[in-house]
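S.K.: Build me a model from this:
(one chain, ligands or ions: 3)
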Amino acid sequence: MGQGKLVICDHPLIQHKLTFIRDVETNTKDFRELVDEVATLMAYEITRDIPLETVTVQTPVATTESRVISGRMLGLVPILRAGLGMLDGVLKLLPAAKVGHVGLFRDPETLQPVEYYTKLPTDVTERELIVIDPMLATGGSAIAAIDVLKKRGCTQIKMMNLIAAPEGVKAVQDAHPDVDIYVAALDERLDEHGYIIPGLGDAGDRLYGTK
Ligand SMILES: O=P(O)(O)OC[C@H]1O[C@H](OP(=O)(O)OP(=O)(O)O)[C@H](O)[C@@H]1O
Ligand SMILES: O=c1cc[nH]c(=O)[nH]1
Ligand SMILES: [Mg+2]
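M.R.: Ligands and ions are numbered 1, 2, ... in the order given. Sure, this is the predicted structure:
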């Protein structure tokens, strides 16, 4: 099998807002609002290849053929907790999507993901899923979340991150070559604590003011 594609969503609005998300001077309220806005803009990019079908519509002056999304069933899977910061932004464009939650935190010493919660829609295997997390660092959390979904029988999975490190992208592509990854930025590297450089710091802490 080949490897999943990496799509960098480099729309000017996304890049502009990402700069203020990175800025250490951005306060919790503004950080949360900007992450929400970028998530909406990224949802626009990630849904670019959704198939359409043609229907007939009556306008006030004529009958015409026009296109609608062809009954696709979508599911959003934020990785708790930081993934929640992007969820509402994506739901603004995809309000009919169902939401599953996977709770993981990264052990600060080992950098290994620790799973603490999973709740998925009952029809999750029939849905095209978008796994949502602002940060793809070592890739351990993303790989673990996708493992959870595949063990449940899910087969159509995309990944959506604000910022990824090359190490994390490679790890996900190696472990799950069927998963395409959409990011707003591909950063330089990880530091010795597994933080993305230049990154934005700890996404969960900045979203919820916990540090
Ligand atoms: O690619 P990885 O090396 O696994 O790191 C990325 C993970 O780390 C962060 O979560 P964190 O563990 O800080 O949990 P939180 O969302 O509860 O803050 C982030 O939101 C990812 O889930
Ligand atoms: O840079 C990083 C790496 C992991 N998790 C974060 O929140 N930030
Ligand atoms: Mg965190």
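
S.K.: Please go through this structure and pick out the longest helix.
M.R.: As assigned by DSSP state H, the longest helix anywhere in the chain is helix 28-46.

S.K.: That one - contacts with which helices or strands?
M.R.: helix 12-22, helix 84-93, strand 157-164, strand 180-186, helix 203-208 (3 or more Cβ pairs under 8 Å, 6 or more residues apart in numbering; DSSP states H and E). Backbone N, C-alpha and C define where each C-beta goes, glycine included.

S.K.: Run through who's touching it.
M.R.: The contact list for helix 28-46 (Cβ atoms under 8 Å, 6 or more residues apart in numbering) reads 7, 9, 11, 13-14, 17-18, 20-21, 26, 85-90, 92-94, 130, 132, 134, 158, 160, 162, 182, 184, 203, 206-209.

S.K.: These, buried ones only, as a ChimeraX selection?
M.R.: Per 16 or more other Cβ atoms under 10 Å, the buried members of the contacts of helix 28-46 correspond to this ChimeraX selection:
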select :7,9,14,17,18,21,26,85,86,87,89,90,94,130,132,134,158,160,162,182,184,203,206,207,208
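
S.K.: For ligand 2, tell me which of the contacts of helix 28-46 show up nearby.
M.R.: Contacts with ligand 2 within the contacts of helix 28-46, as defined by Cβ under 6 Å from any ligand atom: Ala203.

S.K.: How much space separates whichever residue of the chain sits closest to ligand 1 from Arg81?
M.R.: Nearest residue of the chain to ligand 1: Gly204, at 2.3 Å (Cβ to the nearest ligand atom). Computed as Cβ to Cβ, to the nearest Å, the Gly204 to Arg81 distance reads 5 Å.

S.K.: same thing with Val7?
M.R.: 25 Å.

S.K.: quick one on the thing from earlier: next, the buried residues of the longest helix of the chain.
M.R.: 31-32, 34-43, 45-46.

S.K.: Just after it, pick out the following helix or strand.
M.R.: Note on helix 28-46: by DSSP states H and E, the next helix or strand toward the C-terminus is strand 52-58.

S.K.: Name every strand pairing with the next helix or strand after that next one and say which way it goes.
M.R.: Heading C-terminal from strand 52-58, the first helix or strand you meet, by DSSP H and E, is strand 63-69. Its sheet considered, strand 63-69 pairs with strand 52-58 (antiparallel) by DSSP bridges.

S.K.: close to ligand 2, is the longest helix of the chain?
M.R.: No - using Cβ under 6 Å from any ligand atom, helix 28-46 stays clear of ligand 2, coming no nearer than 11.7 Å.

S.K.: what about that helix and ligand 1, touching?
M.R.: No - Helix 28-46 does not reach ligand 1 (Cβ under 6 Å from any ligand atom); its nearest approach is 11.3 Å.
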